[in-house]
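Asker: this one's structure only:
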DNA sequence: GTGAAAGCGCTAACAC
DNA sequence: GTGTTAGCGCTTTCAC
């Protein structure tokens, strides 16, 4: 419970600054600064250090992040722009990125394309506020990136290979597809179809449409690979609508496994894509490599098939 | 501690400052400042303003957000701490909050409890970096909130009523339950059971367990209300396991509708909870009301029943 | 109408 | 070992 009830809080305590701490410990502000930020080049008498630490504790000093960033020209924040927070893949990428950032002592400033868009987001960010920008599946049509680059802010595109710039990290979709094929072959399938993927990610309607097209074509395939779970729900619905059973009449594997897969009927066999690792890797690369070097990484860790109920031997 | 600095600025990209713009426009920096921030008390000759604007355009000046915040003691950022980004309800709350924030010219710094926790998050934030903190469904056990309050940072709890502090905004769960009951009664149900809710939100296992307990009890109820969709998937699975059909043998309504509901078998009738509005309202209240006033708002807009396939007349 | 001066709170180079 | 000196880039009186 919070000790001070909001209504009865006393007058706001004057903020404690470095100078206050220094005065109390009878040392110079710069010494306190070095103690606080753990400067390794500082050689200080244990007794002095103790005094400083005591003063910090007594005063309840907390560094002003703004002043620190302004002076040191590093904000300790990373921008992250996603298409939509409610998109499950984006959520996982954000989660991975946030963890990696925290491990590096950094924080994430998020924005999404359901808001006023990338251009405005970068404007609001202003100069100096972020040390780098992570873009999830963004078509980077606007000149924002070039502008960013000119002001020295490194950026990285996640989950989408980005043209000639070669600043991206993507999941290993080929490996995922290969895993799906291997699985289906091992069940005895010889004719395997793949429904087309969309760069932006599938929708329910898109999956249904693609499946109907597949059906209309009169394909001989006994198994089909769907680019993602959302598209798969559409495909499954289309199949159900024409009375085809899964996996009896047709086996279905989805790529890019996400939670709803397990709750579908039948539960969907899918290949897991390491979205969290994508975010994590993005943060690490963004922080470690400069703005000028190309980055083109494929994340393969943790890609694996999760067998559920939508695949079986061909009839 | 101190992260490796990403992307050092290119050699010729010396940052443009207010002073540069001022020099170019032959005015004082303070005048430029006022023009940029749209100070209404500024009376300036149209011709001078034009010169300033031109200088801004020519130099590609962008204000340094850090310096501005340091000086004005407002950061234009809000902290948002959620249990887990991959939790669909949290994702919606974040989405709503981000939109509202952007409309107010503010930005969100996010953190989640899957990382190193609230205490560390607030530590990383440091002083001055946020103008307020939004906590989603956090048990606020630690003394972090009191500490925050002492340094004058207002906070608000979302989606959980928080003890005596009365600083929260929550969805109208009573109205939601009432809607569910009305719907079931109109179908002819007279005995309606409600599965217990958990403060932290249900899990698949929790829903299954609760449903088995309900079954074991030999209840005469012909319809049951489940606290959320995740719990409902568990409940549905438990029902399927004992061969009871939905809605034939038992009607099921979930509260707090979320996407997977439509893809379940049968598609789940559920009451929509306005998670996005919760986030939006949280931001608005946090920004408008001071740290000292109690806030206890119930968001009822947009609560409504979405009829899908899991409810029908009692047999 | 515009300018001058004084910092916001901190860090970094260098002095002693 | 610890202190001095300069700002980082901006806003805000207040002066003229």
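Answerer: Cool, the structure landed. From a predicted model like this one, the values you see are computed outputs, not experimental measurements. Numbering: from 1, shown residues only, chains lettered A, B, ... in the order given.
Asker: Can you get me the start-to-end distance on stretch A:306-315?
Answerer: 22 Å (CA to CA, to the nearest Å).
Asker: Repeat that for stretch A:140-159.
Answerer: 13 Å.
Asker: can it be found next to DNA strand D?
Answerer: No. Shown here: stretch A:140-159 not in contact with DNA strand D (CB under 7 Å from any atom of the strand), separated by at least 11.2 Å. C-beta here means a position set from N, CA and C on the backbone, and glycine is covered the same way.
Asker: Need the mean per-residue confidence for that stretch.
Answerer: Per-residue pLDDT over stretch A:140-159 has a mean of 84.
Asker: before we move on, what SS does residue A:280 have?
Answerer: helix (DSSP: H, G, I helix; E, B strand; the rest coil).
Asker: Measure how buried it is and give me the count.
Answerer: Around residue A:280 sit 23 other residues, with neighbours defined as other CB atoms under 10 Å in any protein chain shown.
Asker: wait, doesn't it sit right on residue A:94?
Answerer: No. Look at residue A:280 against residue A:94 with CB atoms under 8 Å: they stay out of range, at 10.8 Å.
Asker: Residue A:27 and residue A:51 touch, don't they?
Answerer: Yes. Using CB under 8 Å, residue A:27 is in contact with residue A:51, at 7.2 Å.
Asker: And stretch A:162-172, what's buried?
Answerer: Buried residues in stretch A:162-172, counted by 16 or more other CB atoms under 10 Å in any protein chain shown: A:162, A:165, A:167, A:168, A:169, A:170, A:171, A:172.
Asker: Residue A:182 falls within a helix, correct?
Answerer: Yes. Counting by three-state DSSP, residue A:182 is found in a helix.
Asker: what residues are up against it?
Answerer: Contacts for residue A:182 (CB atoms under 8 Å, 6 or more residues apart in numbering or on different chains) come out as residue A:305.
Asker: Find me the pLDDT at it, would you?
Answerer: So, for residue A:182, pLDDT stands at 98.
Asker: Would you quantify the distance from it to chain B?
Answerer: 27 Å (CB to the nearest CB, to the nearest Å).
Asker: likewise residue A:31?
Answerer: 18 Å.
Asker: which strands and helices sit next to the strand or helix carrying that residue?
Answerer: Using DSSP states H and E, residue A:31 maps to helix A:29-36. If contacts are counted by 3 or more CB pairs under 8 Å, 6 or more residues apart in numbering or on different chains; DSSP states H and E, helix A:29-36 sits against helix A:18-25, helix A:46-59.
Asker: Swap in 6 Å and give it another go.
Answerer: Other helices and strands packing on helix A:29-36, by 3 or more CB pairs under 6 Å, 6 or more residues apart in numbering or on different chains; DSSP states H and E, are helix A:18-25.
Asker: Is DNA strand C within reach of the helix it packs on?
Answerer: Yes. Helix A:18-25 comes into contact with DNA strand C (CB under 7 Å from any atom of the strand), by way of A:18, A:19.
Asker: ok, that helix near chain B or not?
Answerer: No. With CB under 6 Å from any CB of the partner chain as the criterion, chain B is not reached by helix A:18-25; the gap is at least 11.2 Å.
Asker: In that helix, which of the residues would be classed as buried?
Answerer: A:18, A:20, A:21, A:22, A:24, A:25.
Asker: Run the chain-centre distance for it.
Answerer: 41 Å (CA atoms, centre = their mean, to the nearest Å).
Asker: same deal with stretch A:91-101?
Answerer: 5 Å.
Asker: That one - what's its average pLDDT?
Answerer: Here the average pLDDT along stretch A:91-101 is 97.
Asker: likewise stretch A:255-269?
Answerer: On average, stretch A:255-269 scores 94.
Asker: Next: stretch A:273-280.
Answerer: 97.
Asker: Does that stretch reach chain B?
Answerer: No. Stretch A:273-280 lies apart from chain B when judged by CB under 6 Å from any CB; the minimum separation is 8.6 Å.
Asker: got the contact list for that stretch?
Answerer: A:89, A:92-93, A:95-97, A:100, A:158, A:171, A:256, A:299, A:301-302 (CB atoms under 6 Å, 6 or more residues apart in numbering or on different chains).
Asker: which non-adjacent residue is nearest residue A:140?
Answerer: residue A:162 (6.4 Å; CB to CB, 6 or more residues apart in numbering or on different chains).
Asker: and which of the buried residues of helix A:18-25 is nearest to residue A:191?
Answerer: residue A:18 (71.7 Å; CB to CB).
Asker: separation between the residue nearest to the closest one when sequence neighbours are not counted and DNA strand C?
Answerer: Leaving out its chain neighbours, the residue that sits closest to residue A:18 by CB to CB, 6+ apart is residue A:29, at 4.7 Å. To DNA strand C, residue A:29 is 5 Å away according to CB to the nearest atom of the strand, to the nearest Å.
Asker: what do you get for residue A:298?
Answerer: Residue A:298 is 36 Å from DNA strand C, by CB to the nearest atom of the strand.
Asker: For that residue, grab phi and psi.
Answerer: phi -110, psi 120 (degrees, to the nearest 10).
Asker: What of the one 3 residues further on?
Answerer: Comment: the main-chain dihedrals of residue A:301 come out as phi -60, psi 140, following degrees, to the nearest 10.
Asker: From DNA strand C, how far off is it?
Answerer: Residue A:301 is 35 Å from DNA strand C, by CB to the nearest atom of the strand.
Asker: now swap in residue A:277 and tell me
Answerer: 32 Å.
Asker: Quickly find the element holding that residue.
Answerer: Here residue A:277 is assigned to helix A:275-288, by DSSP H and E.
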